[in-house]
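In: Show me how the following folds:
(chains A, B and C)
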Amino acid sequence: MREVAFSYLKELNDIQRLAVTTLDGPVMVIAGPGSGKTRVLTYRIAHMLNSGINPGNILALTFTNKAAKEMKHRIEHVAGQGANRVWAGTFHSLFARILRTEAHRLGFPNDFTIYDTDDTKSVIEEIIKTMNLDKKVYVAGQVRSRISSAKSNLITPKAYSANEDLMAMDRMNRRPLIYQIYEKYVAKCQKSGAMDFDDLLLQMFKLLYQNPDGVREKYQQQFRYVMVDEFQDTNYLQYEILKMLCYYEGSPRNICIVGDDAQSIYSFRGATIENILQFEHDFKDVKTFKLEQNYRSTSYIVNAANDVIKFNSKQIQKKIWTDKADGPKIKIIKSMSETEEGKRVADTIVEQKNRHNLANKDIAILYRTNGQSRIFEEALRRYNLTYRIYGGLSFYQRKEIKDIIAYMRLTVNEKDDEALKRVINYPRRGIGDSTVDGIMQIANDNDMSMWEVISKIEFNPRARKSIGEFVSLIERFRNYSSSNDAYQTALYIAKHSGIVDLFKAEGTLEAEGRLENITSLLDGIQEFTEDDELLINEEFSADKSMSRFLQSISLMTDADDEKGETDAITLMSVHAAKGLEFKSVFVTGLEENLFPSYQSLSTPEQIDEERRLFYVAITRAETYLTLTFANSRYQFGQMRFNDQSRFLEEISSENIDAISSITREESKPAFGEPKLLGNFKKAIAAPPKVDAANFKPSSLDKIKKGQKVLHLKFGEGEVLAVDERMVATIFFSQATDMKEKRIVLQFAKLQVISE
DNA sequence: GGGGGCTATGGGGGG
DNA sequence: CATAGCCCCC
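Out: Numbering: from 1, shown residues only, chains lettered A, B, ... in the order given. From the prediction side, this is the model:
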């Protein structure tokens, strides 16, 4: 039995096995890209379970829902049942889960609302307005990020105002009152029964730190074994929470952190590599394992990654290597414009699919900013290639969805002023801006929630009727929700709020789309109420309430919900691609001011982070890596001309396909007649269109001087000469770069064309 | 005071 | 290219 149970250990290399089997004491795993990190993490948990450790005592923290999901899935595969009782999830979701049972100890309702970035910004905007500050100077988004980073560094409003560095910085930026906004913002959130994303961590810290009723000991006892994935992405606050859980008198200190300093790409939200150094300092007897063998990529890709990362000064010494065969070299595609870049990428995808038999799901197009996706969408549509975009505007960010959800939020939490403001006059019911402003003012002046104001205070006759109707509408929702599940309530809300009728009356194509979105939201809620997978998690088994649903979606991003098993090309930002791998990867928009971003050019540290981002991007590729850039593109509403990215020059030339680096100034768009009219201007040049399905390579002896031949990529050509090494010189009239090519017949596939 | 249409402005990455 | 702010009419 024992041998069967532990057989997975044979699937690991020596270092991996040590990392998996060293369960006691602090462990640090430095894991290069493609080094089997996920495997180590999951097998380690499986090994814990097989060693008799109670799954409920294991806390496994990741950064993304996707990573959490994959981890759970894979543990289950290796360890079977019991795996679902492991506390595996993102920092934010697991802490939210804990806070849902503990928040009352901190002065929050247990079904607190989670504010997303938009809610937060809107609260801050309101504060700026009431303080009579210039919103051009106090930009809500920037104030928000100051507050966010203060929270991430455990700096309270009071500490903020006492911190000379922070205050000097604010004075320099002519925003000396940020500390006051911060103070008011914290008070407002508390008053609204709301936590923002940072609060999910900060309040968790407070809970452990203030230790009401000995909750700290309770969680220290519970989480005997802690694992942290992507440790390089943790911020100070997260590390302090981890220490609270694992670093105290008498602690078994069973903490295992897994990370790669070279892949640290989240410093903008407070992540700091210092945590790795600090960890070694705090946990002095830490055992360190370095996973340096890359099982993912060919040597050209691995070498290129090493080339690039050498340009960063600060790093933990390691050398990633692979024993994989060479494979094709890295290809670079230069285009005149972003449109051409899109076309060339689509072209290359078709070629790769034909030549190497790749499925759509083997292919990913990565970019620095989500805004770049449009150009690739259009190009892929032209070839009828199936694609899926991750990130960008998430489903839950759409207006109609947020509106319905705002009604749900207000139903659950009457103090949620942000939700109230959103729906009090939507659909239009005659409560205009000035009335709403009045309500806000009364609420502020009397320390009440807006709901309290409208439900308890008499209004002028003009607004009274419509406000009264709104109040009774929400009261009906609350009533209904008390005896119905989340799905039924949501259905009731959609119907009686008037939103559905509004779109039905509109009757436009756009309104139809919005209705569809609402329907799929409702489907999602139904799925949530009927999903029995959650039942396995004891603590939340019966909780199908609306507030539980709201909590689960507020932490979800678009990238997390799987849309079936369709075979689609992946389009996503490089950030979103971390942890994933594809046979063929296109890293696009490699231009100065874009990748690296124009906002990161001012300091070497920021450039280094962009470089790590590039490192992450190229190491996603298993076999085919294509790097693309355009000489010109529309940026901020005008045509911009950017140089190629410095990162391209950092890859040594022996890893790059020499032909691909030849300039292609003369190239023309390579598309045929448009299939979808309207979206595209007609292509200028005829493409080398070869019907791949009917392509049959001819035997070599048929290839002779003067023979007309067909080539999958280059189209029709005429053989000019064949030399004794069986290298043919062929003139391809449709070729986009050099028309005369030397083709090695032994490898090339050519079909003769009979006259 | 509320509603609708127009112009001006701003735009990274994500839980 | 989407949203906020502004102006004008009811």
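In: what about the closest residue to residue A:260 other than its chain neighbours, how many residues close to it?
Out: Leaving aside its sequence neighbours, residue A:260 sits nearest to residue A:31 (CB to CB, 6 or more residues apart in numbering; 5.5 Å). All C-beta spots, glycine's among them, are computed from the backbone N, C-alpha and C. For residue A:31, the number of neighbouring residues by other CB atoms under 10 Å comes to 28.
In: So for chain A, the centremost residue is which one?
Out: residue A:576 (3.5 Å; CA atoms, centre = their mean).
In: The helix or strand that contains it: how far from the chain's middle?
Out: In this assignment (DSSP states H and E), residue A:576 forms part of helix A:574-577. Its chain's C-alpha centre and that of helix A:574-577 lie 6 Å apart, by CA atoms, centre = their mean, to the nearest Å.
In: Contacts (any at all) between DNA strand C and the strand or helix carrying residue A:400?
Out: Residue A:400 is part of helix A:399-412, with elements assigned from DSSP H and E. Yes. Judged by CB under 7 Å from any atom of the strand, helix A:399-412 and DNA strand C are in contact via residue A:399.
In: Mind giving me the packing neighbours of the helix or strand following that helix?
Out: Per DSSP H and E, the first helix or strand lying C-terminal to helix A:399-412 is helix A:417-423. Contacts defined by 3 or more CB pairs under 8 Å, 6 or more residues apart in numbering; DSSP states H and E place helix A:417-423 against strand A:113-115, helix A:117-130, helix A:399-412, helix A:433-445, helix A:450-456.
In: Around DNA strand C, pick out the residues from the stretch 101-250 of chain A.
Out: residue A:135.
In: on that earlier part again, just checking, what packs against the helix holding residue A:576?
Out: Using 3+ CB pairs under 8 Å, 6+ apart, helix A:574-577 sits against strand A:363-367, helix A:604-618.
In: any residues touching the longest one, and which ones?
Out: What it means is helix A:604-618. Contacts with helix A:604-618, where a contact means CB atoms under 8 Å, 6 or more residues apart in numbering, come from A:33, A:262-265, A:267, A:301, A:304-305, A:308-309, A:311-314, A:330, A:366, A:368, A:574-575, A:577-578, A:585, A:587, A:595-597, A:599-601, A:625, A:627, A:645, A:647, A:650.
In: returning to what we had before: show the pLDDT at the residue nearest to the centre of chain A.
Out: On the pLDDT scale, residue A:576 is placed at 89.
In: Same check on residue A:693?
Out: 63.
In: repeat for the one 5 residues further on
Out: For residue A:698, the model assigns a pLDDT of 77.
In: Beyond the helix holding residue A:576, next helix or strand please.
Out: strand A:582-587.
In: For residue A:51, find the nearest of the helices and strands packed on helix A:574-577.
Out: Among the helices and strands packed on helix A:574-577, the nearest to residue A:51 by CB to CB is helix A:604-618 (33.5 Å).
In: Show me which residues of the helix or strand just after that closest one are buried.
Out: Toward the C-terminus, helix A:604-618 is succeeded by strand A:621-635 as the next helix or strand (DSSP H and E). For strand A:621-635, a neighbour-count test (16 or more other CB atoms under 10 Å) marks A:621-633, A:635 as buried.
In: would you list the residues you listed in TSV and tack on pLDDT?
Out: Compiled in TSV, those are given as follows (pLDDT from 0 to 100):
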residue	pLDDT
A:621	97
A:622	96
A:623	96
A:624	97
A:625	97
A:626	97
A:627	97
A:628	96
A:629	95
A:630	93
A:631	91
A:632	89
A:633	89
A:635	81
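In: Redo those residues as TSV? Include distance to DNA strand B.
Out: Shown next, in TSV, are the buried residues of strand A:621-635 (distance: CB to the nearest atom of the strand, whole Å):
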residue	distance to DNA strand B
A:621	19
A:622	22
A:623	25
A:624	23
A:625	21
A:626	20
A:627	18
A:628	17
A:629	17
A:630	17
A:631	20
A:632	16
A:633	13
A:635	8
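In: Look at the nearest residue to residue A:448 once chain neighbours are set aside and report its pLDDT.
Out: Distance criterion CB to CB, 6+ apart; nearest residue to residue A:448, sequence neighbours excluded, is residue A:442 at 7.2 Å. Looking at residue A:442, its pLDDT is 89.
In: For chain A, what lies in contact range of DNA strand C?
Out: Close to DNA strand C, as judged by CB under 7 Å from any atom of the strand, chain A has residues A:135, A:399, A:634, A:637.
In: Please repeat the previous calculation with a cut-off of 6 Å.
Out: With CB under 6 Å from any atom of the strand as the criterion, chain A meets DNA strand C at residues A:399, A:637.
In: where does the closest residue to DNA strand B within chain A land on pLDDT?
Out: Residue of chain A nearest DNA strand B, by CB to the nearest atom of the strand: residue A:432 (2.4 Å). Listed pLDDT for residue A:432 reads 87.
In: cool, and residue A:389?
Out: 86.
In: Thought residue A:572 was touching it, still the case?
Out: Yes. Residue A:389 is within contact range of residue A:572, at 7.2 Å (criterion: CB atoms under 8 Å).
In: Please identify which of these two sits among more neighbours.
Out: Using other CB under 10 Å as the criterion, residue A:389 and residue A:572 rank with residue A:572 on top: 23 against 20.
In: Identify the bridge partners of the more buried one.
Out: Per DSSP bridges, the residues bridged to residue A:572 are residue A:366.
In: quick one: contacts for it?
Out: So residue A:572 contacts A:364-367, A:389-391, A:559 (CB under 8 Å, 6+ apart).
In: picking that back up, which residue, other than its chain neighbours, is closest to the residue nearest to the centre of chain A?
Out: Spatial nearest neighbour of residue A:576, excluding adjacent residues (CB to CB, 6+ apart): residue A:391 at 4.8 Å.
In: can I assume that neighbour sits in a strand?
Out: No. Counting by DSSP: H, G, I helix; E, B strand; the rest coil, residue A:391 falls outside a strand, being coil.
In: hmm, back to that, closest one to DNA strand C out of the buried residues of strand A:621-635, please.
Out: Of the buried residues of strand A:621-635, the one sitting nearest to DNA strand C (CB to the nearest atom of the strand) turns out to be residue A:635, at 10.4 Å.
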